[in-house]
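Novice: Model the structure of this input:
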Amino acid sequence: EVQLVESGGGLVQAGGSLRLSCAASGFTFDDYAIGWFRQAPGKEREGVSCISSSDGSTYYADSVKGRFTISSDNAKNTVYLQMNSLKPEDTAVYYCAADGSGRCFPYDYWGQGTQVTVSS
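Specialist: Numbers count the residues shown, from 1 in each chain. Model (predicted):
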């Protein structure tokens, strides 16, 4: 059974940091790209970042460049999203997703999400 389980969300003050984790199981992790998305109330889902587990290529939305860092621990089948200098506009439910093409689109599997709330 394929599973993607996000963790690490919470409440943080503006300027603070959080590290999200996405633990994957049920598929060959090294063959997949893992992406992070977020969705705030009343807004469309937004792609935040992606990493290709095969060559480590990374991609970031302009809104998070320089503040967020994505990384992968293939031995643990886990992808992390380090979020620094958080802003209230980063408040959203964050989801991770897995893409079997390795190209960060489209995505085959999705996690349930973890809430991130940034207070001003």
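Novice: Kindly check the end-to-end length of stretch 108-115 for me.
Specialist: From its first residue to its last, stretch 108-115 covers 22 Å (Cα to Cα, to the nearest Å).
Novice: Contacts for it next, please.
Specialist: Applying Cβ atoms under 8 Å, 6 or more residues apart in numbering, the set of residues contacting stretch 108-115 from outside is 2-10, 20, 22, 27, 32, 39, 92-100. In this view, the C-beta of every residue, glycine as well, is placed from N, C-alpha and C.
Novice: got the contact list for the residue nearest the centre of the chain?
Specialist: Central residue of the chain (Cα atoms, centre = their mean): Trp36, 2.7 Å from the mean position. Contact analysis of Trp36 by Cβ under 8 Å, 6+ apart lists 20, 22, 47-50, 70, 79, 81, 94-97.
Novice: could you flag which of the contacts of stretch 108-115 are buried?
Specialist: Buried subset of the contacts of stretch 108-115 (neighbour count, 16 or more other Cβ atoms under 10 Å): 4, 6, 8-9, 20, 22, 27, 32, 92-99.
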